[in-house]
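K.L.:
Predicted model and sequence below, questions to follow.
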Amino acid sequence: MSSAVVVRLAGGRLSLRFERRAFAVTLVLAVALAASALASLSLGSQMTSPEAVLEALVVPQRSDIALIVHEIRLPRVVLAILVGACLGVAGLLLQGLVRNPLASPDVIGITGGASLAAVSFLALGGAALGEAWLPMAALSGALLVAMAIIALTGRGVTPARLVLIGIGMAAALGAGTMLVLVLSPDTTAMQAYVWLTGSLYGAQWREVAGLAPWALVGLPLALVFARRLDALALGDELAVGLGTALQGSRMALLLLAVALAGAAVAFAGGLSFVGLLAPHIARRLVACRHTGLVPASAMIGALIVLYADLLGRIAFLPRDLPAGIFIAGIGAPFFIYLLHRWRS
Amino acid sequence: MRKCVTFAAFVSIQLRVLTMRPSVGVFLLLGVLALQSTAGVSAQESHDERPVRIVTLYQGATDTALALGLEPVGVVESWLERPMYRYLRDKLPAGVRYLGLETQPDLEAVAGLVPDLVVGTRYRHAAVYPLLSRIAPTVIADTAHDVEAMLEMMGEATGREVEAQALLAEWRARVADFRCRAEARLGDAWPQRVSVVSFRGDHVRLYYDGFARSVLDQLGFLRPAGQRGSGWGIKLVSRETLPALDADAIFIFMRDDAAVAELHREWTAHPLWQSLDAVEQGRVYYVDPVIWSMGAGILAAHQLLEELYEHYELHDVVHRGEGGKC
Amino acid sequence: MLTTPEARLMGLVMGALLALAAGLASLTLGATAIAPATLVEALLAPDPSSVQHLILRTERLPRALIAAVVGASLAVAGALMQTLTRNALAAPSILGINAGAMCFVVVASSIFALRSPLALAWAAFLGAFVAALLVALLGRGRDGGFSPVRVVLGGVAVTALFVSLAQGLLVIDQEGFESLLLWLAGSVAGRGLDMLLSLLPFFLVAAGVCLMLVRQLNLLVLDDEVVKGLGQRTARVKLLAGVAVIVLAGGSVALAGLIGFVGLIVPHMVRALFGRDHRWVLPGCALLGAGLLLAADTLARLLMPPQEVPVGVMTALLGTPFFLHLARRRSFTP
């Protein structure tokens, strides 16, 4: 007991127990995240020093880069953090739910549903409705697919079935996306491809405002639900023995994961690997129960997206490349290494 | 500009409050902020003087700006002949800044140029329009291929209505001249039904829509009966569909690339190609891919017309009609 | 199910007839319908001046042959993989073999500017090999066995890995994107006979290996205990069968891009008819796989002429309900 930090909320009715190591790691990650955010705010095609950026943040009246910092970089940095956090936590929930470290939102078709909806939206001239509807289309795609998966899985939500049906859906959705891409003109196809890869280009406060409510509700909920994952991790019989309502827990966790991942993908496009990588790294750093893993996964996810987006912004100036390229390029080999370690 | 600064001040005050609150508060207040940011500031398109620092974010706008005699301070890279199409390159001012690709122009660099006017298109920049209009007065073109509408819009936005009208008049006179000469040259064969075709590395495209098609429409060319479909056009992968290309004349553009050349060789060697009307009549014209599919402005339209004059040998047509004046 | 050898032989003959019928449809249907009589004429006494003969010989015939070879290869590869991993859901497309081949071909053509079919085929083999290795690594549990869900998840992770790498490359290299999009979607159109001929030796060698292995493969279907007792002998069989899978799937990707689900559906249909004996399953898969892809390709070009639906999209849309049906079952052994 002495190695734990207990946070009591709501007059002691809700308490969250963090192991000491998890707490320390979370603190370190938070500092790293803040520093990285400042670094990302200071870098771009316009040269700006960190001091000037700080000044622009604090007293924008005196700063001539206030516009660049407040309107261009800050929303993008905040969106990257929110997107990464949502995806990281969604991946953690799914992996705990399926009891397999290879599950993630892109594997079970959630990203695929959002992608098909978004690409169809772009190809069918949805832009005429206004670009603001694109995230809505993507989000409804993700939710529809989640509902279809649940319906097909039937009453007994076993991890194996859930994941296999998700994979089948993902394959069909991928084929549908491909068909739309092949039939659309180059320019739309390219735009759609950038979306599929995942890009935070042109992020504005509008997008941040769209995603914030989901993160705001979903991330704390994940923290509360995390204890159920610990019970599920013990296996079905033990979990039932401990008094966990198995199906109810699974359904709630699945919906939460879908909501987090769907919302993130809706605003950032089909970023893959974040949901797969972040929980793995978190587990290596924290090595504890899920309550401690939630903030760690969120922050690691945020760091991954933040740095990938930073690279995409400044590595090939004046081109702005999708963050998804860098996550795949660096994340994928790292992922294989992790799996190798996990096996041995 | 002043509005931006006051808005930013508001942001920073909020942020200072935020830094002291736990993370939940940050998210909440950011949400509030964002709502205010969308509601509070709108585009400012009224201006007293003629803008001089202009940024063009798509190829058609760069073309049109240069036609109006403007000197853009920032332009997006071209798709071919990088960084800028040859037909526009020497018209650009020396210190022009390249802003990346049309699909994702570097917004910071746009802000850094402190422009008086930004020109974008709805098809590319609708999503970033709110941001652009906070950087500078921004106009967004509604049409993709309509050269005349684009010219009028940019003339108005830059206070060069007179120049725009002059260019428009010149263009329309040339269109009328072309129609007259083409009629004189082709007689009953005018108006022709034409196909616009592009060879790619692994397929062939037949365009129903697009810049070239819209200029050809304006010149009075017709479409073959089979090409009434909606949408941009179709992709063909099997040579047995070659008859779909048939018309009185075929305009072909393609990139200079080994795979494209190989596919072109395979398709044009096929007997079905040889039996197309346009091929038998010798009316297959190879045209410049940049001019026909990428420039998309009034300068490109003029060059396209010039190519047509050459192909149909219209320069030496003397008016023969009864009282016709070409 | 067919139990006697005579009935099974009849089954194979029926399968061959089905494949032939699909082939006939593929040769005669399309933008211009061609009468079967003309078909015979074109094959026996080609007339260079006849447009229909030329369409048959330059377009339809290579296309039908490629569809048949690719369909047969993918189905046999799927059957081998299902036996090797003892997993009903195994198939080259599900386990990332196709994606690995695809990614390496994209790298070869966009970074190293390789264009010749043979070079691309070698890239595809290498990619298929790397992907198979990764899946084998990821799918094996602590006890050394392959658990179905673990293998499938490993395959999907490997697919995600290679697809996102290829996607990234294509976003950077826009011109490559344009000319690879159709190929990525899977298509047997517009490829010449020469491309098939240059890869044919590989397919033939793989087929030979399969013929050699049929009896030993039957041993792998037996109980775990028995297989373990056989020890060393099965290791060699597994290795050879693995090589055959890589050549068959890699070669198919090099010829026709990403075509999914043929390798999943066909082995199941064949086993429902012929049981688990590989002496019947493998030829049955080859015949029905060829027939299925021929039919899918014919359908793909008839849906919205003169355009075509990529055949890979067709097979995925046809195959998904089947996959979902399998996934809903309780057991995952083939």
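P.N.:
Happy to help now that I have it. Numbers count the residues shown, from 1 in each chain, chains lettered A, B, ... in the order given.
K.L.:
longest helix of the chain?
P.N.:
Answering for chain A, as no chain was given. Looking across chain A with DSSP state H, the single longest helix is helix A:205-233.
K.L.:
please go with chain C instead
P.N.:
Looking across chain C with DSSP H, the single longest helix is helix C:193-220.
K.L.:
wait, does that one contact chain B?
P.N.:
No - residues of helix C:193-220 are not located near chain B by C-beta under 8 Å from any C-beta of the partner chain, the shortest gap being 11.4 Å. Backbone N, C-alpha and C define where each C-beta goes, glycine included.
K.L.:
returning to what we had before: mind checking how far the longest helix of chain A is from the chain centre?
P.N.:
Between the centre of helix A:205-233 and the centre of its chain there are 10 Å (C-alpha atoms, centre = their mean, to the nearest Å).
K.L.:
what about that helix, average pLDDT?
P.N.:
Per-residue pLDDT over helix A:205-233 has a mean of 88.
K.L.:
isn't A:Gly218 right next to A:Val89, touching?
P.N.:
Yes - assessed by C-beta atoms under 8 Å, A:Gly218 is found in contact with A:Val89 at 7.3 Å.
K.L.:
more neighbours, the two?
P.N.:
Neighbour comparison, A:Gly218 and A:Val89: the larger count goes to A:Val89, with 34 against 23 (by other C-beta atoms under 10 Å in any protein chain shown).
K.L.:
Tell me how far the helix or strand encompassing that one lies from the chain's centre.
P.N.:
For A:Val89, the host element (DSSP states H and E) is helix A:74-98. With C-alpha atoms, centre = their mean as the basis, helix A:74-98 stands 3 Å off its chain's centre.
K.L.:
and the helix or strand just after it, does that touch chain B?
P.N.:
Note on helix A:74-98: by DSSP H and E, the next helix or strand toward the C-terminus is helix A:110-123. No - on the criterion C-beta under 8 Å from any C-beta, helix A:110-123 is out of touch with chain B, staying 9.8 Å away.
K.L.:
other SSEs contacting the helix or strand just after helix A:110-123?
P.N.:
Going down the chain from helix A:110-123, the next helix or strand is helix A:133-153, by DSSP H and E. Identification of packing neighbours for helix A:133-153 by 3 or more C-beta pairs under 8 Å, 6 or more residues apart in numbering or on different chains; DSSP states H and E yields helix A:110-123, helix A:159-183, helix A:246-268, helix C:311-328.
K.L.:
Swap in 7 Å and give it another go.
P.N.:
helix A:110-123, helix A:159-183, helix A:246-268 (3 or more C-beta pairs under 7 Å, 6 or more residues apart in numbering or on different chains; DSSP states H and E).
K.L.:
now the second one and helix A:74-98, what's the angle there?
P.N.:
Counting by axes from the mean of the first three to the mean of the last three C-alpha atoms, to 10 degrees, helix A:159-183 points 140 degrees away from the direction of helix A:74-98.
K.L.:
Could you check the angle helix A:159-183 makes with helix A:246-268?
P.N.:
Computed by the same axes, to 10 degrees, the angle between helix A:159-183 and helix A:246-268 is 20 degrees.
K.L.:
State the mean pLDDT of helix A:159-183.
P.N.:
82.
K.L.:
what's that helix packed up against?
P.N.:
Using 3+ C-beta pairs under 7 Å, 6+ apart: helix A:159-183 touches helix A:74-98, helix A:110-123, helix A:133-153, helix C:148-172, helix C:174-184, helix C:311-328.
K.L.:
Pull the helix or strand following that helix out as PDB, backbone CA atoms only.
P.N.:
Downstream of helix A:159-183, the first helix or strand assigned by DSSP H and E is helix A:186-197. C-alpha atoms of helix A:186-197 as PDB (Å, rounded to 0.1, in the frame of the first residue of the first chain):
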ATOM      1  CA  ASP A 186      -6.700  12.700 -59.200                       C
ATOM      2  CA  THR A 187      -7.200  15.700 -57.100                       C
ATOM      3  CA  THR A 188      -9.900  14.200 -55.000                       C
ATOM      4  CA  ALA A 189      -8.000  10.900 -54.700                       C
ATOM      5  CA  MET A 190      -4.900  12.700 -53.600                       C
ATOM      6  CA  GLN A 191      -6.900  14.700 -51.000                       C
ATOM      7  CA  ALA A 192      -8.500  11.500 -49.800                       C
ATOM      8  CA  TYR A 193      -5.200   9.800 -49.600                       C
ATOM      9  CA  VAL A 194      -3.700  12.500 -47.500                       C
ATOM     10  CA  TRP A 195      -6.800  12.100 -45.300                       C
ATOM     11  CA  LEU A 196      -6.300   8.400 -45.100                       C
ATOM     12  CA  THR A 197      -2.700   8.800 -44.100                       C
END
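K.L.:
following the worst-scoring helix or strand of chain C on mean pLDDT, which helix or strand comes up?
P.N.:
The weakest-scoring helix or strand in chain C, judged by mean pLDDT, DSSP states H and E, is helix C:224-230 (a mean of 63). Using DSSP H and E, the next helix or strand after helix C:224-230 towards the C-terminus is helix C:232-256.
K.L.:
Now that following helix: buried residues?
P.N.:
Within helix C:232-256, the residues that count as buried by 16 or more other C-beta atoms under 10 Å in any protein chain shown are C:234, C:237-238, C:240-256.
K.L.:
Any residues of chain B in contact with chain C? List them.
P.N.:
Within chain B, the positions adjacent to chain C are B:200-203, B:234-241, B:244, B:258-259, B:270-272, B:275 by C-beta under 7 Å from any C-beta of the partner chain.
K.L.:
6 Å instead?
P.N.:
B:Arg200, B:Gly201, B:Asp202, B:His203, B:Ile234, B:Val237, B:Ser238, B:Arg239, B:Glu240, B:Thr241, B:Ala244, B:Pro271 (C-beta under 6 Å from any C-beta of the partner chain).
K.L.:
Thank you, goodbye.
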